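> I would like to see how this sequence folds:
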Amino acid sequence: MPKQYLYRGYTVEQLQQMSMDDFIRLLPSKSRRKMLRGLPTEHRNLLEALRMLRRAGSTRVPLLKTHNRDMIILPEMVGVTLGIHNGKEFVNVEIKPEMVGHILGEFTPTSKKVMHGNPGIGASRSSMYVPLK
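Below is the predicted model of the structure:
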């Protein structure tokens, strides 16, 4: 039997059946304060789009694209694939139970590791003395 993920002692199914106020009490202080102040319009619109897709009863949820990197992942978002913008492109991220309570932007890095290559001819003044292979 695979190990079941628990968030603060609750399964994902229990979290999904909780009221929003009860779930907010389980969040860490920064996320809790953000939720208590109310969701911005963009976040509410994304949640409504997710709920509409769930109500439609489609077994395969289509990809939703968003720029809302600062949105807190809620239990009702588990199982959905979102396209999260990283500044250049939309990165597909499947929301898993372990991500509940985190922020969307944590799963799409905005910068890549810089990989410098070998110097070539004309790369610098010193490359004129590099013997050709």
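> tell me the mean pLDDT for the top helix by length along the chain?
Using DSSP state H to define each element, the chain has its longest helix at helix 41-56. The average pLDDT within helix 41-56 is 90.
> who touches that helix?
Contacts of helix 41-56 from elsewhere in the structure, counted by C-beta atoms under 8 Å, 6 or more residues apart in numbering, are 39, 61-62, 64, 66-68, 71, 74, 76-77, 80. (C-beta placed from N, C-alpha, C; glycine too.)
> distance of the residue nearest the centre of the chain relative to residue 80?
Among the residues of the chain, the smallest C-alpha distance to the mean C-alpha position (C-alpha atoms, centre = their mean) belongs to residue 104, namely 2.7 Å. Between residue 104 and residue 80 the distance is 11 Å, computed by C-beta to C-beta, to the nearest Å.
> same thing with residue 8?
Noted for residue 8: a distance of 22 Å to residue 80, by C-beta to C-beta.
> neighbour count winner among these two?
With neighbours defined as other C-beta atoms under 10 Å, residue 8 and residue 80 compare such that residue 80 has more, 17 against 12.
> wait, that one sits on residue 92?
No. Under the criterion of C-beta atoms under 8 Å, residue 80 is not in contact with residue 92, lying 10.9 Å apart.
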